[in-house]
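[1] Here is a sequence together with a model predicted from it:
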Amino acid sequence: EVQLVESGGGWVQPGGSLTLSCGASGFTFSTYPMSWVRQAPGKGLEWVSALNDGGSSTSYANSVKGRFSISRDNTKNTLYLQMNTLKPEDTATYYCTKYQAGWGIKGVLDYWGQGTQVTVSD
């Protein structure tokens, strides 16, 4: 059974930083691209970032480019999202997702974690 478990969310002031983690199990983590997707309160899903299976290629939404960094540790079956210079508009539930096919903004996602809440406010 595929499981994706996010952690690391919380409250942070604007300009602050957080690192999200996603522990994966039930599949060969090192052979699949992974992604982070978020959903702000009352809004639709927004793709945030993706990383290929080996961790050598990354892609980011324009809204987070230069502030967020995606990475993975295939020895620990863990995906990360380092978020810097956070803004109130980054407030959302962040989901760790696995690709079924392709990767990047046009890839097909097949499994999602339960999400972790990030709140950016004074």
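    Thanks, I have the structure now.
[2] Give the ranges of residues in the protein that sit below the confidence cut-off.
    Along the chain, the model assigns pLDDT under 70 to no residue.
[3] centroid residue for it?
    Residue closest to the average C-alpha location in the chain (CA atoms, centre = their mean): Trp36, at 2.5 Å.
[4] for that one, which residues make a bridge with it?
    Ser49, Cys96 (DSSP bridges).
[5] Contacts only, for it.
    Counting by CB atoms under 8 Å, 6 or more residues apart in numbering, Trp36 makes contact with Leu20, Cys22, Val48, Ser49, Ala50, Ile70, Leu79, Leu81, Tyr94, Tyr95, Cys96, Thr97. Every C-beta, even on glycine, is put in place using the N, C-alpha and C of the backbone.
[6] Find the nearest non-adjacent residue to Ile105, please.
    Trp47 (5.1 Å; CB to CB, 6 or more residues apart in numbering).
[7] correct me, but that neighbour touches Ser63?
    No. Between Trp47 and Ser63 there is no contact under CB atoms under 8 Å: 10.0 Å.
[8] So which of the two has more stuff around it?
    Higher neighbour count among Trp47 and Ser63: Trp47, with 19 against 14, using other CB atoms under 10 Å.
[9] Grab the nearest non-local neighbour of Arg67.
    Closest to Arg67 by CB to CB, 6+ apart is Thr85, at 4.7 Å.
[10] before we move on, what about Val120?
    Spatial nearest neighbour of Val120, chain neighbours left out: Leu86 (4.6 Å); criterion: CB to CB, 6+ apart.
[11] How about the secondary structure of that neighbour?
    coil (DSSP: H, G, I helix; E, B strand; the rest coil).
[12] separation between it and Gln100?
    Between Leu86 and Gln100 the computed distance is 30 Å (CB to CB, to the nearest Å).
[13] on that earlier part again, okay, the residue nearest to Ile105 and Val64: tell me how far apart.
    Remark: distance between Trp47 and Val64 (CB to CB) = 10 Å.
[14] same question, Ser21
    17 Å.
[15] between the two, which one's more packed in?
    Taking other CB under 10 Å, Ser21 and Val64 do not tie; Val64 has more neighbours (22 against 17).
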